[in-house]
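Enquirer: pasting the sequence and the predicted coordinates here, then a few questions.
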Amino acid sequence: MNKRQLSRKPRKIAFFSLHTREPTHFGSGWMSGVIALSLALLGLGVVLCIKFPSFFTLPELRSLYPMVWIRALVLLILSSSFLAAIISLTLRQNKAFGVSALALLVPAVLMGGHLAPLGNATANAYIALDWHLLNLIFFCLIFIPLERAYALRHTQPVFRPKWRTDLLYFANNHIAVQTIALLVMLPAKLFFGWAVITPLQVWVQNLWLPLQLIGILLIADFCQYWIHRTLHVVPCLWRFHAIHHSVETMDWLAGSRLHLADVLITRGLVYVPLFLLGFSETIILAYGVIIAMQATFIHANVRWRFRALAKLVVTPQFHHWHHSSEPAAIDKNFAVHVPIWDRLFGTYYMPQRWPKEYGLAGTEQVPNNFWSQFWYPFKALLKANK
Ligand SMILES: [Zn+2]
Ligand SMILES: [Zn+2]
C-alpha cells in the first residue's frame, strides 16, 4: 500500500441525510427521488381524503369529485412514485428520498390505495387537505412552466437553494389559512367595532363592484405601504420582516417566506380600514385571490417587464428591486399592488435593468431553516434587552 493510499480517509457515506454533496444532475437519481417523494406525499394525501372525507375534505368540494377518475389518478400517482423511488434508490448513494417515498407509500397502500373505501362524511371539524393539495398543484402547474418558459435567470433550477424551507412556508401559510384569517380579522372586530358608521358601509356596499375592487386595492395598498415602510424602519419589527428579505433566489416560492408575526401585523392592520368601510364579502374574497396571485407573481423568476403597465401596476421587476441588496435599492418600492404610493412618497426606484443580487448582504444573520427563522426575531429582541 503506498503513502497516498494510506493517507486517504474513508469517504463519508450520507445514506439518509437530506444534506448531501452528491450531484443533482440528470441521471444522479436526485430528480427521480424528488418526484418519488412529491408523488408519494400527494398519493397519501389523496388516499387520506378518500378514506376519511369527514376530516380531510372541504364539504363544498366533496360532491364535485369524479371518483372514477380520481381513483385512476391515485393508481397512476402511487405506481409512478414507486417506480421513481426504485430508480432513485438504484442510482443514488444517498437513500433519503427513495426510502422516505417508500415509507409514505406503505400506509397509502395499506389503506387500500386507489381502491380505498370511500368513508362517511359526517364530522363537522375538518382540515381541508383536498383544498391545500389542489392549491399546491394549481400554483406548481402555473408557475413552474411559466418560469421555465420565460425565465429571467435561465440557470436557476426549480429546486434552488433553500427551496425546502420556502415550501414549508408555503404549506404552512395555506394549511393555517383559516386560523390566520380569523386572527387577521380579530383586532379590527375587537378594537374598532365602535368606529363603524353604518350609512358609510351601506354606501360602500352599494357601489358598482369594479369600483369597489379598485377602491379596496388602493386603500389596502396605501395602508400596506406605510406598515411595510414601518417594518423596515423600526428595528424590533425589522427583525421579523428581515426573514422575508433573507431570500437570495427569487422565484414564485420565495414570496411565501414570511414570518407569522409579519403576516399578522400587516394583514391585521390592512384589514382595519376594509372592515370599517364595510366592503362586501365578495370583494374581500376577490381581494384575497388577487393578493395571493400578485404576491406570488411579483417574486417569480420571469423576465417580463410590462413596460406599458409598469407605471400603474406592481410588476416582478418592481418587487425584485425591493429585494435587491444594492445600496441604492434599500428601503425602496414598498407597494404591492400600485406603485403610485412609492411615487408619491419618494421611494420609487426602477432602473431599466434587473438587480444583480438579492438578500440582506450580511447585515442580518438570519438562520436557514423554518423553526430557527421563527425564533430568530424573538431571540434578537431578548439579546437587545439584555
Ligand atoms: Zn420589505
Ligand atoms: Zn417580497
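Expert: Yep, that arrived. Numbers count the residues shown, from 1 in each chain. Ligands and ions are numbered 1, 2, ... in the order given.
Enquirer: need the pLDDT of the nearest residue to Val196 once chain neighbours are set aside.
Expert: Of all residues not flanking Val196 in the chain, Leu276 sits nearest, at 6.2 Å (CB to CB, 6 or more residues apart in numbering). In short, each C-beta sits where N, CA and C put it, glycine included. Here the pLDDT value assigned to Leu276 is 94.
Enquirer: surely Leu276 is in contact with Gly193?
Expert: No. Counting by CB atoms under 8 Å, Leu276 sits too far from Gly193 to count as a contact (9.5 Å).
Enquirer: more neighbours, the two?
Expert: With neighbours defined as other CB atoms under 10 Å, Leu276 and Gly193 compare such that Leu276 has more, 17 against 10.
Enquirer: tell me which element that one falls in.
Expert: helix 260-277 (DSSP states H and E).
Enquirer: next structured bit after that helix?
Expert: Once the chain leaves helix 260-277, the next helix or strand it forms, by DSSP H and E, is helix 281-297.
Enquirer: other residues contacting that following helix?
Expert: Applying CB atoms under 8 Å, 6 or more residues apart in numbering, the external contacts of helix 281-297 come out as 139, 143, 209, 212-213, 216-217, 220, 252, 255-256, 274, 279, 314, 316, 336-337.
Enquirer: one more time with 6 Å
Expert: Helix 281-297 is contacted from outside by Gln212, Leu213, Ile216, Trp252, Gly255, using CB atoms under 6 Å, 6 or more residues apart in numbering.
Enquirer: does the last one really touch His299, like I thought?
Expert: Yes. At 3.7 Å, Gly255 counts as touching His299 under the criterion of CB atoms under 6 Å.
Enquirer: of the contacts of helix 281-297, closest to Met111?
Expert: Taking CB to CB as the measure, Met111 lies nearest Trp252 of the contacts of helix 281-297, at 32.4 Å.
Enquirer: could I get the pLDDT score of the closest one?
Expert: 94.
Enquirer: for it, phi and psi?
Expert: Geometry field for Trp252 lists phi and psi as phi -60, psi -30, criterion degrees, to the nearest 10.
Enquirer: burial of it, as a residue count?
Expert: 25.
Enquirer: that one: what's it in contact with?
Expert: Contacts of Trp252 by CB under 6 Å, 6+ apart are Phe143, Thr296, Ala300.
Enquirer: rerun at 7 Å
Expert: Phe139, Phe143, Glu147, Thr296, His299, Ala300 (CB atoms under 7 Å, 6 or more residues apart in numbering).
Enquirer: that one and Ile142: what is the separation?
Expert: 8 Å (CB to CB, to the nearest Å).
Enquirer: sorry, back to before: convert the helix holding Leu276 to CSV, retaining C-alpha atoms only.
Expert: The C-alpha trace of helix 260-277 is given here as CSV (Å, rounded to 0.1, in the frame of the first residue of the first chain):
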residue,chain,number,x,y,z
LEU,A,260,-46.1,34.6,11.0
ALA,A,261,-45.9,37.9,13.0
ASP,A,262,-45.1,39.8,9.8
VAL,A,263,-48.3,38.3,8.2
LEU,A,264,-50.5,39.0,11.2
ILE,A,265,-49.2,42.6,11.7
THR,A,266,-49.5,43.6,8.0
ARG,A,267,-52.8,41.8,7.2
GLY,A,268,-54.4,42.6,10.6
LEU,A,269,-53.7,46.3,10.2
VAL,A,270,-54.7,46.4,6.5
TYR,A,271,-58.0,44.8,7.4
VAL,A,272,-59.0,47.6,9.8
PRO,A,273,-60.0,50.2,7.1
LEU,A,274,-61.6,47.4,5.0
PHE,A,275,-63.7,46.4,8.0
LEU,A,276,-64.7,50.0,8.8
LEU,A,277,-65.6,50.7,5.2
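Enquirer: could you list every helix and strand in contact with it?
Expert: Helices and strands touching helix 260-277, as assessed by 3 or more CB pairs under 7 Å, 6 or more residues apart in numbering; DSSP states H and E, comprise helix 177-191, helix 198-205, helix 209-233, helix 235-245.
Enquirer: need the ones you listed in TSV (columns: mean neighbour count, distance to His320 and mean pLDDT).
Expert: Rendered in TSV, the data for those read as follows (neighbours: other CB atoms under 10 Å; distance: least, CB to CB, whole Å; pLDDT from 0 to 100):
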stretch	mean neighbour count	distance to His320	mean pLDDT
helix 177-191	14	26	84
helix 198-205	12	35	93
helix 209-233	17	16	95
helix 235-245	20	12	95
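Enquirer: which one of these lies closest to Phe345?
Expert: Here helix 209-233 is closest among those (CB to CB), at 7.2 Å.
Enquirer: what comes into contact with the closest one?
Expert: 204, 237-238, 241, 262, 265-266, 269-270, 273-274, 279-280, 283, 286-287, 331, 334-338, 341.
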